[in-house]
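**Student:** Mind folding the following:
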Amino acid sequence: MNPSSPALTKDPSLPSFLHPTYLDAANELQIVWDVWQELKGCKGDYLSKEEEEPPLAYKNRLARTQFDSRFKPALKGHAGLLSEFVLSDDVAPSIAAARDDIDLQGSSIESFLTDQDETVLRDGGMGILVEHPPQPTDENGNPLIQSAADEQNYALRPYLVAVDRRNILNWSIIYEQGKPIIQRLTIQESRLVAVDDYGVETKTYYRVLTPGRFDVYELVQIQGGKYQKVLVPELSGATGLEVVPFVWYSVSDSKWFESQPPFLNLAQLNIEHYQKRSSLNEVIHKCNLPVPVRKGLIKNLADLLKGVVKLIIGPNSVVDIPADGDFFFAEPTGNAINATQTDIEKLERSMDRMSLAFLTGGEAAKTATEVVMDTAQTQCSLKNMARRKESTVQRLFALWVQYTGEDQGGTITVNESILQTPASPQEVQTILDAMGVKISNQLGLQMLQERKWLPPDTDIKEELRQIGDLEAQNQTVLPTPDAIAAEAARHAVQTLPVAA
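**Tutor:** This next block holds a predicted model:
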């Protein structure tokens, strides 16, 4: 969690100082984080206590309605469309060798980048550090690596570290010919430290990165309630690079740390959906059963004060009422329930339009024009993000090879065909009708594969061979006209009458 005390966040002499741009986005980042976590531990922040509502009733109301998460699956669906890519041919050998463990935590480069795609779609941006383990030394400070075998045993190679946007507290950036150059960057870190024999506690540190160095501080309270920063030498050191090894990954071309969460509206609609579902559940909970009404038994205040006979309802009971009284069941008309349900359905359709429902079928019917417009808009956004993903990885690999000394880092190429929607049945039928007549079978199969009506790993040559075999088996040899005439003459001779 980020420091909340003004003494920590507003003092520019401390590394915990929060940049004004950070504060501008803090509320939006909190909303998307809470919805991503399905309001775990914070339902009360979005479903407030009603006036005069008893605490127990409020607690039960919070527990009665489950959060129907539509924000998280939508973002994972978008990120999944960007997950298929290949390393370029010129990628550095050390990067190719680290492909299955790019972060020294066992994550492949595919899974690592997919996780970051989800984070970027949620928050609008995040950071990635290219780190390198420090050179190991003995108790006297002498290097322990004396050979290439030693270097391999210590696994001294670069690795990637994801940095949540909420932990990037302050920064100083200059622009040279439009290119951002980091002069200073502060990242908040939380670490578990041992306490006594078995316990642990979370401790907060502040990593300050400058070109060529990283210094880690902790804050210590002094007299007067003030704080001072204290350097942690064993966690600090030199990078050996002339730049800060940090890359900002964003969904837009806006300046670093300024992009807004792209699906903020979807998160807010998901919260409204939860609130209205809670209202609907509460109405149904309170009005699910009709209420028995006895009319005429209490005529004045004296009757009310002396009490009335307890009402028992059942197949073996009788209800006594005065001659001018009445007994009936009062039940709600359901108008409020229907209206709330209609509002919920409208919200769900709105959330579908902001998610991938048009690709997966969705629950709400759409016109062909709506499908085309939604598809085109989302494909454009995803293709733009694919380009930014490739650019981000290229910059990461360029930092990587600065550590290793290799000539070039390379990049990745995102498979854009996966961003295309499958063809309609009508379009597929047109292709099938044209195969073998107006277009070749090979071209037709290629067109079907491009339109995702064939698996991406389909072997076109094998399919053509099988089509040829089937055609050969089904082919019928038709007789020529001369052969037909000869057969007819032979048949006529056989059927002539025999002379007596």
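**Student:** Which residue ranges make up the domains of this protein?
**Tutor:** 17-171+250-289+332-410, 292-330, 422-493 (automatic domain parsing).
**Student:** what's the average pLDDT for stretch 292-305?
**Tutor:** Across stretch 292-305, pLDDT averages out at 68.
**Student:** I meant to write stretch 63-70 there.
**Tutor:** Stretch 63-70 comes out at a mean pLDDT of 86.
**Student:** contacting residues around that stretch?
**Tutor:** 35, 38-39, 43, 47, 266, 270, 273-274, 277-278, 281-282, 285, 348, 351, 355 (C-beta atoms under 8 Å, 6 or more residues apart in numbering). The way it works is simple: take the backbone N, C-alpha and C, and place the C-beta from them, glycine included.
**Student:** Take those residues and keep only those in strands.
**Tutor:** When the contacts of stretch 63-70 are checked against strands (DSSP state E), there are no matches.
**Student:** Can you select the buried ones among those for me in ChimeraX?
**Tutor:** A single ChimeraX command selects the buried members of the contacts of stretch 63-70 (16 or more other C-beta atoms under 10 Å):
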select :35,38,39,43,47,266,270,273,274,277,278,282,348,351,355
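**Student:** So which of the contacts of stretch 63-70 sit within helices?
**Tutor:** Secondary structure from DSSP state H places 35, 43, 266, 270, 273-274, 277-278, 281-282, 285, 348, 351 of the contacts of stretch 63-70 in helices.
**Student:** Return the member of these nearest to Ser190.
**Tutor:** Here the nearest of the ones in helices among the contacts of stretch 63-70 to Ser190, counting by C-beta to C-beta, is Val35; it sits at 22.4 Å.
**Student:** Can you name the residues that contact the closest one?
**Tutor:** Taking C-beta under 8 Å, 6+ apart, we find Val35 in contact with 69, 71-72, 267, 270-271.
**Student:** Confidence-wise, which of the ones in helices among the contacts of stretch 63-70 comes last?
**Tutor:** His285 (62).
**Student:** before we move on, back to that, filter the contacts of Val35 down to just the buried residues.
**Tutor:** The neighbour count (16+ other C-beta under 10 Å) marks 69, 71-72, 267, 270-271 as buried among the contacts of Val35.
**Student:** farthest pair in those?
**Tutor:** Lys72 and Ile271 (13.1 Å).
**Student:** Give me the next element, helix or strand, following the helix or strand containing Tyr403.
**Tutor:** Taking DSSP states H and E as the criterion, Tyr403 maps to helix 368-404. Per DSSP H and E, the first helix or strand lying C-terminal to helix 368-404 is strand 412-414.
**Student:** count of residues packed around Ile412?
**Tutor:** 21 (other C-beta atoms under 10 Å).
**Student:** Identify each buried residue in the host helix or strand of Ala57, please.
**Tutor:** If you go by DSSP H and E, Ala57 is part of helix 55-64. Buried positions in helix 55-64, judged by neighbour count with 16+ other C-beta under 10 Å: Arg61.
**Student:** Would you map the helices across the stretch 201-350 of the chain?
**Tutor:** 264-287, 301-306, 335-354 (DSSP state H, counting those that start in this stretch).
**Student:** Out of the ones in helices among the contacts of stretch 63-70, which is nearest to Pro54?
**Tutor:** Glu282 (13.6 Å).
**Student:** Which residue is the nearest non-sequential neighbour of that closest one?
**Tutor:** The spatially closest residue to Glu282, leaving aside those adjacent along the chain, is Arg61, at 6.1 Å (C-beta to C-beta, 6 or more residues apart in numbering).
**Student:** what's the spacing between that neighbour and Thr392?
**Tutor:** Separation of Arg61 from Thr392 (C-beta to C-beta, to the nearest Å) stands at 45 Å.
**Student:** Likewise for Ala57?
**Tutor:** Counting by C-beta to C-beta, the gap from Ala57 to Thr392 is 50 Å.
**Student:** quick one: contacts for Thr411?
**Tutor:** Thr411 neighbours (C-beta under 8 Å, 6+ apart): 88, 91, 390-391, 393-394, 397.
**Student:** Weed out the non-buried ones from these.
**Tutor:** Using 16+ other C-beta under 10 Å, the buried members of the contacts of Thr411 are 88, 91, 393-394, 397.
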